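[1] coords please:
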Amino acid sequence: MRDRNRKLRLVPPLHRATHRVGLFLNTACPGLSQGEAHVLAHLAAADACPIRELQRGFAHKRSTLTSILDRLEAAGLVRRELRSDDRRSFRIALTPRGRSLARRVQAQLLELERRVAGRVAAADVAGFEAVVEAIQAAAEE
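    Presented below is the predicted three-dimensional model:
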């Protein structure tokens, strides 16, 4: 009975914050889903990477990631390339148009992080990182 009366303290604020990040991204990149924007931001730093790296980085189901990549490819933002070191798998590369948009997404995320950093102490960031890591680990059990 006691657990029923306990208030959720971690997941709802994390969910709301994640939703707000999506809304923030949408101001700079209207029309992109949050998943698409995050894949582009990852590729802005990596330029190209194996699909397996994206799966590990975002923990999407294979079908979800495939849908995101299909939409980005249809929009002319990424292309699938056969990997020279493993011809059975692909890597995802930005097109010139995709690179431009990926830089905008990354700049938007960097601006958000700059704003957040101006409101919290370094110890708060370290605590946040610890909580997020614990949520990820607990959810994988």
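[2] drop to CA atoms for contacts and neighbour counts, all remaining ones
    OK.
[3] Quick check: longest helix in the protein by residues?
    helix 96-117 (DSSP state H).
[4] Who are the contact partners of the residue nearest to the spatial centre of the chain?
    The centroid of the chain falls nearest to H38 when counting by Cα atoms, centre = their mean (3.3 Å). Listed by Cα atoms under 8 Å, 6 or more residues apart in numbering, the contact partners of H38 are V105.
[5] And the host helix or strand of it, what's buried?
    Following DSSP states H and E, one finds H38 within helix 34-46. The neighbour-count check on helix 34-46 (16 or more other Cα atoms under 10 Å) flags 34-44 as buried.
[6] now those in CSV, with pLDDT and distance to L8?
    Listed next are the buried residues of helix 34-46 as CSV, based on pLDDT from 0 to 100; distance: Cα to Cα, whole Å:
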residue, pLDDT, distance to L8
Q34, 93, 24
G35, 94, 25
E36, 96, 29
A37, 95, 29
H38, 93, 27
V39, 95, 30
L40, 96, 32
A41, 94, 31
H42, 94, 31
L43, 95, 34
A44, 93, 35
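[7] got CSV for these, with distance to F24 too?
    What follows is those, written out as CSV (distance: Cα to Cα, whole Å):
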residue, distance to F24
Q34, 10
G35, 13
E36, 14
A37, 11
H38, 12
V39, 16
L40, 15
A41, 14
H42, 17
L43, 19
A44, 18
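[8] Name the residues of the longest helix of the chain that are buried.
    Neighbour-count burial for helix 96-117 flags 98-99, 101-109 (criterion: 16+ other Cα under 10 Å).
[9] Spell out the secondary structure type for H60.
    Three-state assignment for H60 (DSSP: H, G, I helix; E, B strand; the rest coil): coil.
[10] where's it relative to T66, distance?
    9 Å (Cα to Cα, to the nearest Å).
[11] Make sure R80 is indeed in a strand.
    Yes. Per three-state DSSP, R80 lies within a strand segment.
[12] doesn't I92 make contact with it?
    Yes. Contact criterion Cα atoms under 8 Å: R80 and I92 qualify, at 4.8 Å.
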